[in-house]
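Q: Give me coordinates for this.
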Amino acid sequence: MTSLTAKEASEPIRGADLLVNEVIGVPAGIGATARRSRSEAYDAWLARLLPARPGVALVAVGGLGRRQCAPYGDLDLVLVHAGVPGIDEMAAALWYPIWDAGLRLDHSVRTVAEALSVAQDDVKVALGLLDARLVAGDAELADTLVRSATDHWRRTAVRQLGPLRESTGARWQAHGELAFLLEGDVKEAAGGLRDVGILRAIATAGITDALRPAVHAAHLRLLDTRDALHQQVGRRVDRLLAQERDGVAALLGLRQAPPGRAEAVPSGTPQPRPESAPPLSDGDGDALLRRVAGDARTVSHALDDAFRAADRLRSGRRRGADGRPVRRPVARDVVEHDGELVLARTAIGARPDASLSLRVAAAAAATGLPIARATCEWLAAYCPPLPTPWPAEARAALTTLLGAGAGLIPAWETCDRYGLIDGWLPEWTRLRSLPQHNPVHRFTLDRHLVQTAFEASRHTRDVDRPDLLLLAAFLHDIGKGLPGDHSKVGAPIAEAIAARIGLPAAEAEQIATLVRLHLVLPEVATRRDLADPVTIGRVAEAVGDVTTLDLLYALVRADAAATGPAAWSDWKGRLVAELVTRVRTTLDTGDVPAPPAPDPALVAGPLPVVHLTGDRVAVAAADRRGLLATVAGCLALHRLEVLAADASTVDGRALVECRVQPRYGLPPDPVALSADLRRAVGGDVSVTQRLRGRALAARGAGAQPRVVWHRDAATDAVLLELRAADAAGLLYRVTSALDAAGAQVRAARIATLGGDVVDAFYLVGAWPSDPERARLEAAVLGAV
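A: You can find the predicted model right below:
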């Protein structure tokens, strides 16, 4: 047998399955049968390593203790002894063959008293001992440990769950929520396998029946996912990375859906795969993500319920003078009972009100109190579907629910777990757990819609119709997942939902308008020249009135906040606010406001002029061609990204104003930047050479770039839009190429979308001829 060094023994070994299979005979495979077979093979092999001796037992915890061994999982072993001599030598003789076989090992040597003492101080050890199982040796000693650990946990669980909840929260903070991550850790993230272990511990303590059938099914599917991930990668890995997603889905039998026909995978639907099925090449990674998200939500919701039950047990129930738990009315047909919301006795009848489930959800969101599980089950079983159109009280309850603020998300998640949402909105099945493959988005589509409604509740006092704002925020991305532009596709869907809810035709049409235009303000603000009357006039014409403008402005801010921190910035906020102000003036007066006057400091005094203030760089120099390219190159040299650029000529002076941000987070030295700008605009050859060298060095492979022309998008210019991979110095290269081709750039707008850019260049002059457009396009693409 080949011995491994200590470092090798602790490192993952690709292909270690061959060594392990050869030495131990551990079978591969995915599913409960394969996991049990691996556990039995490990048991048999480990039993041969431990010599028979009274007062010594080898106990497995972790995955082996539960008989849920992953293909490349650790072995967690405890050598329990009754104070026998020579135990250290026996332990060494046991551990080294395990390391030699290429296995990771977490081990300890303890007496029963020592193990219980450690469990007393460390809740993780206490939970681990609940999975303890005899592998070999003294059965009576192992049984004593198992019984004592279980009894100890049952006696101390209520007290220990407080620290456990704190450590669990820290883990969630570090790893995020599995349901909403594109590359989540199926073990450590919230809703993952680690949380199932906590549920099992709470169930063992008898606090609540935490391991219900839905949780058990979700647990098995998460275990299958981890098995497939190990098998796909060939080593232990718990994070489901994007490049492994399709392969894992194929191993699980989740076939790739035809284009445009991706189907939802309900969280309660098992996806069986024959143990001997060969790997496939056409796995549906999105179906896998949706299944994992649904299972993670099931686990997370069960754990929330379990922790609340523990909290009630620890704090004691509130009881009245008659000794019964206190009941307090909180809304029509809804009562608080022992810290949870339940139905009033009068609400339970042969013909329940169809709006009852919505009213209960609204009460839960408004009060911040959870809905009792039995109440959710009763509503799911007996509450009739809503008629079309909805009654007024159902519509009012939906508005209250969406506008409840922080209480919305937990109340919505609870209703979704019990299938109530599908009864309100049949479209929800398509949206549930739909991944958004964009690094800017932090949530799945369904959660993003709910989160946007929550964020919109912060702006309800800024608009005339807060109810329309909340509904539009909730429906704004309803078209995602369908072919075509989701704003245009989603507008008629949102209008139909609004009509079904019972809104008048004019208000349903306004919901459709808000959905169709919800991207207009940020796209125009970041990609068009806001000083151009054509830009303002086009937006004013599309919006139509101030009420719609205010609703769109609030919706834009809510959407950005719900998307993630990368979706908004102070610079973007200022641009959108400036656009809204100018459009409002046009809608109020009918006149397009004049463009802002140039900075007086730039049009007076000796040249060159360089001003650096915050995120603004302003330069004035003698009028000459190529000044914008020179300034852009100098900024790239100092690792500044240009977000917007304007070039103009006033009284023989060329003015360039740029909005910038540091490319790598640290601002440049302002003295050095100012000096380089002065030399560069003055024609210093050394600076120009440095700029060219840096720009050439920054070139690299990327996606195929594309040029799009826009006619009549500006007052005195045509618009050339470049869509390409982002790179340092890109603006310098493109503006240099345009200048060399004879084009004059009066403004540029730079929009970065993940790893890509959409850069708009305003070229002074009339619409060019076909040969002229081809020549300019070739120059730009050559520079990229």
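Q: Pull the number of nearby residues for the closest residue to Leu781 other than its chain neighbours.
A: In space, and not counting its chain neighbours, Leu781 is closest to Pro705: 5.6 Å by C-beta to C-beta, 6 or more residues apart in numbering. Placement of C-beta: from N, CA and C, glycine included. When neighbours are counted by other C-beta atoms under 10 Å, Pro705 registers 18.
Q: beta partners of Ala725?
A: For Ala725, the beta-bridge partners are Asp756 (DSSP bridges).
Q: Which parts of the stretch 101-250 of the chain are strands?
A: 105-111, 133-137 (DSSP state E, counting those that start in this stretch).
Q: which one of the ones you listed has the most crowded surroundings?
A: Comparing the strands of the stretch 101-250 of the chain by mean neighbour count (mean count of other C-beta atoms under 10 Å), strand 133-137 ranks first with a mean of 21.
Q: so what does that strand touch, helix or strand wise?
A: helix 32-49, strand 56-61, helix 62-65, helix 139-175 (3 or more C-beta pairs under 8 Å, 6 or more residues apart in numbering; DSSP states H and E).
Q: could you point out which element follows the third one?
A: It stands for helix 62-65. strand 75-81 (DSSP states H and E).
Q: Tell me which strands that next one pairs with, and in which orientation.
A: If you go by DSSP bridges, strand 75-81 pairs up with strand 56-61 (antiparallel), strand 105-111 (parallel).
Q: Just put the ones you listed in a markdown table and tack on distance to Arg236 and mean pLDDT.
A: A markdown table is the format used below for those (distance: least, C-beta to C-beta, whole Å; pLDDT from 0 to 100):
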| stretch | distance to Arg236 | mean pLDDT |
| --- | --- | --- |
| strand 56-61 | 17 | 95 |
| strand 105-111 | 13 | 93 |
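Q: Pop the domain breakdown of the chain in here.
A: 6-172, 176-272+280-315, 436-596, 602-783 (automatic domain parsing).
Q: picking up where we left off before, out of the strands paired with strand 75-81, which gets nearest to Glu340?
A: strand 56-61 (34.9 Å; C-beta to C-beta).
Q: How far off centre is that closest one?
A: Mean C-alpha position of strand 56-61 versus that of the full chain (C-alpha atoms, centre = their mean, to the nearest Å) differs by 41 Å.
Q: same thing with stretch 225-239?
A: Per C-alpha atoms, centre = their mean, the displacement of stretch 225-239 from the mean C-alpha position of its chain is 22 Å.
Q: what does that stretch rub up against?
A: Here stretch 225-239 makes contact (C-beta atoms under 8 Å, 6 or more residues apart in numbering) with 12-17, 28-31, 34-35, 70-74, 104, 183-188, 193, 240, 244, 247-248, 251-252, 279, 288, 291-292.
Q: how does it look with 7 Å?
A: 12, 14-15, 28, 30, 34, 70-73, 183, 185-188, 193, 240, 244, 247-248, 251-252, 292 (C-beta atoms under 7 Å, 6 or more residues apart in numbering).
Q: before we move on, back to that, minimum distance to Ala350: which of the domains of the chain has it?
A: The closest of the domains of the chain to Ala350 is domain 436-596. By C-beta to C-beta, the value is 25.6 Å.
Q: strands paired with the host helix or strand of Ile750, and their directions?
A: Using DSSP H and E, Ile750 maps to strand 745-753. Strand 745-753 has the following strand partners under DSSP bridges: strand 640-650 (antiparallel), strand 756-764 (antiparallel).
Q: which residues make contact with it from outside it?
A: Counting by C-beta under 7 Å, 6+ apart, residues outside strand 745-753 touching it are 526-529, 628, 642-648, 717, 726, 731, 735, 738, 757-764.
Q: go on, stretch 474-487?
A: The contact list for stretch 474-487, computed with C-beta under 7 Å, 6+ apart, reads 260, 402, 427, 430, 434, 445, 448-449, 452-453, 489-490, 493-494, 497, 511, 515-516, 518-519, 555, 559.
Q: If we use 6 Å, what do you get?
A: Here stretch 474-487 makes contact (C-beta atoms under 6 Å, 6 or more residues apart in numbering) with 260, 402, 434, 445, 449, 453, 489-490, 493-494, 515-516, 518-519.
Q: Nothing else from me, thank you.
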